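Participant: mind looking at a prediction? Sequence and model below.
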Amino acid sequence: MLVEMVVSTKLLTLLSIISLIISTSTAQTSLRPKALVLPITKDISSTTPQYVTQIKQRTPLVPIKLTIDLGGGYLWVNCEKGNYVSSTSKPTLCTSSQCSLFASHGCNSENICARSPTNTITGVSSYGDIHSDIVSVQSTDGNNPGRVVSVPNFLFICGSNVVQKDLAKGVKGMAGLGRTKVSIFSQFSSAFSFNRKFAICLGSSTRSKGVLFFGDGPYNLNMDVSKTLTFTPLVTNPFSTSPSSFLGEPSYEYFIDVKSIRVSGKNVPLNKTLLKIDTKNGVGGTKISTVNPYTIMETSIYKAVVDAFVKELGAPTVEPVAPFGTCFATKDISFSRMGPGVPSIDFVLQNEDVLWSIIGANSMVSLENDVICLGFVDAGSNPKASQVGFVVGGSKPMTSITIGAHQLENNFLQFDLAASRLGFRSLFLEHTNCDNFNFTSSV
């Protein structure tokens, strides 16, 4: 009887330990966030509009404003002359696996891994050491913000005052979301085992917020936007179009395959070979950018689209205002909930039924003196464009179409890297906007 009691006691103790281990494991799993969320603000304090988010970084934690670069390969932050103080910052050694993630080709005298941080708005690069530190952001269930979570060894490149120049007021670096293993999207996905998805929605006003999600939906903007998306494949340019990259490095920007362009439903006559990426040199194709304020088009494409647009609109043009080449008097344009009443410009994607339609709210830019302009820029008629983020400078491949940030505003975009596809939807069609995520409520 005594033996049975001892065995029974030991069995109960063992079961209690197993139960504790299981419950602890379950608790840790349950603490893993479903997704992360960051606010986006539009800033016009610099030479071009920028879309800014904020994370907390370092020990003690400090709020850090960052300009969002959809096609950027990494996070960089200004570390020059006391700009960066933290008790948990650690250099990344050249012999480490973390260094190899950057495909770094440089080391300093202390064997610290390095790569050039680049201001993709100005095209300016410098030499920067790679470090890691704590980054803290807010989680979400897709409906409301949740508790704050942290990543202890988040990798970033140290920038400088020279690279930071011309970023928006108070911004200390850039948050790259591109297709690398060290973009902020990839690092958050790895840290929390998210599906390799993120979604972005840029607000159209300095008074409203946009939103950036890491992880899967729902994405609640007064409705679950994830249920409304149209999808098109993402394609890869085998040649980098970044201002700073290594020979043979593929582009980590986001390209889609535009087959043709329509204005008011009518096909625009184009040299369609320009719409394809030339696999021999990386020239051509269509990419999406948050650092280019407006859509840029190769000259022949631009002229064909403008001619068709002016013909369909039927309104007289006025003296253009740089950087735009096609402008009208505001009095000659009607307005509605969808913005200026102008012809729709449609990018035809994988088939005739899949269209990215650019309506008046996204195609037109209202200026002073009662002038309104088509928000597209001729890549060949603005030689100073490379200085203000319109055209990639140097000897980099020339992309035929770069869909700029103004054309993205109040469009919801989901980048699904696992499925290599882009989901998109104009929120004007859903009677909502990017400002409708509930940032004011949290758990």
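Facilitator: Everything's here; your move.

Participant: so after the one helix or strand in the chain whose mean pLDDT sits lowest, what's the next helix or strand?
Facilitator: Here the helix or strand of the chain ranked lowest by mean pLDDT, DSSP states H and E is helix 2-30, holding a mean of 39. Next helix or strand after helix 2-30 toward the C-terminus (DSSP states H and E): strand 35-43.

Participant: packing partners for the very next helix or strand once past that following strand?
Facilitator: For strand 35-43, the following helix or strand on the C-terminal side (DSSP H and E) is strand 50-57. On a contact count with 3 or more Cβ pairs under 8 Å, 6 or more residues apart in numbering; DSSP states H and E, strand 50-57 meets strand 35-43, strand 62-69, strand 128-140, strand 171-176. For glycine as for every other residue, the C-beta is placed from the backbone atoms N, C-alpha and C.

Participant: go again using 6 Å as the cut-off
Facilitator: Judged by 3 or more Cβ pairs under 6 Å, 6 or more residues apart in numbering; DSSP states H and E, strand 50-57 is in contact with strand 35-43, strand 62-69, strand 128-140.

Participant: strands paired with the first one, and their directions?
Facilitator: Listed by DSSP bridges, the sheet partners of strand 35-43 and their directions read strand 50-57 (antiparallel), strand 128-140 (antiparallel), strand 209-214 (antiparallel).

Participant: strands of the stretch 101-250 of the chain, start to end?
Facilitator: All strands of the stretch 101-250 of the chain, identified by DSSP state E, counting those that start in this stretch, fall at 106-107, 113-115, 118-119, 124-125, 128-140, 145-159, 171-176, 197-201, 209-214, 230-235.

Participant: average model confidence for the second one?
Facilitator: With pLDDT averaged residue by residue, strand 113-115 scores 93.

Participant: just the last one next, same as before
Facilitator: Model confidence over strand 230-235 averages 98 on the pLDDT scale.

Participant: ok, and what's touching it?
Facilitator: 254-257, 349-350, 354, 420-424 (Cβ atoms under 6 Å, 6 or more residues apart in numbering).

Participant: check the first one too.
Facilitator: Residues from elsewhere that reach strand 106-107 (Cβ under 6 Å, 6+ apart): 94, 114.

Participant: that one pairs with which strands?
Facilitator: strand 113-115 (antiparallel).

Participant: same question for the third one.
Facilitator: Strand 118-119 has the following strand partners under DSSP bridges: strand 124-125 (antiparallel).

Participant: how distant is the strand it pairs with from the center of its chain?
Facilitator: How far strand 124-125 lies from its chain's middle: 19 Å, per Cα atoms, centre = their mean, to the nearest Å.

Participant: got a list of what Glu110 touches?
Facilitator: Contacts of Glu110 (Cβ under 6 Å, 6+ apart): none.

Participant: can you give me the distance of it to Asp129?
Facilitator: Glu110 sits at a distance of 9 Å from Asp129 (criterion: Cβ to Cβ, to the nearest Å).

Participant: same thing with Asn195?
Facilitator: 32 Å.

Participant: ranges for the helices of this protein?
Facilitator: Taking DSSP state H as the criterion, the chain carries its helices at 2-30, 97-101, 161-164, 184-192, 299-313, 360-363, 405-408.

Participant: and the contacts of the second one?
Facilitator: Here helix 97-101 makes contact (Cβ under 6 Å, 6+ apart) with 92, 113, 155, 181-182.

Participant: mind splitting the protein into its structural domains?
Facilitator: Domain segmentation of the chain under automatic domain parsing yields 35-214, 254-288+290-403.

Participant: could I get these as JSON lines with distance to Val225?
Facilitator: JSON lines is the format used below for the domains of the chain (distance: least, Cβ to Cβ, whole Å):
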{"stretch": "domain 35-214", "distance to Val225": "8"}
{"stretch": "domain 254-288+290-403", "distance to Val225": "16"}
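
Participant: least reliable of those going by mean pLDDT?
Facilitator: Among these, domain 254-288+290-403 scores lowest, with a mean of 90.

Participant: quick check: end-to-end length of that domain?
Facilitator: 10 Å (Cα to Cα, to the nearest Å).

Participant: going forward, count from 15.
Facilitator: In the new numbering, first residue 15, that becomes domain 268-302+304-417.

Participant: return the distance of it from the chain's centre.
Facilitator: The answer for domain 268-302+304-417 is 20 Å, by Cα atoms, centre = their mean.

Participant: try stretch 201-208
Facilitator: 17 Å.

Participant: just the CA atoms of it, as PDB, please.
Facilitator: C-alpha atoms of stretch 201-208 as PDB (Å, rounded to 0.1, in the frame of the first residue of the first chain):
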ATOM      1  CA  GLN A 201      13.400  40.900 -39.700                       C
ATOM      2  CA  PHE A 202       9.900  41.300 -38.100                       C
ATOM      3  CA  SER A 203       8.700  38.300 -40.100                       C
ATOM      4  CA  SER A 204      11.600  36.200 -38.800                       C
ATOM      5  CA  ALA A 205      11.400  37.400 -35.200                       C
ATOM      6  CA  PHE A 206       7.700  36.500 -34.800                       C
ATOM      7  CA  SER A 207       7.300  33.800 -37.400                       C
ATOM      8  CA  PHE A 208       4.800  35.800 -39.400                       C
END
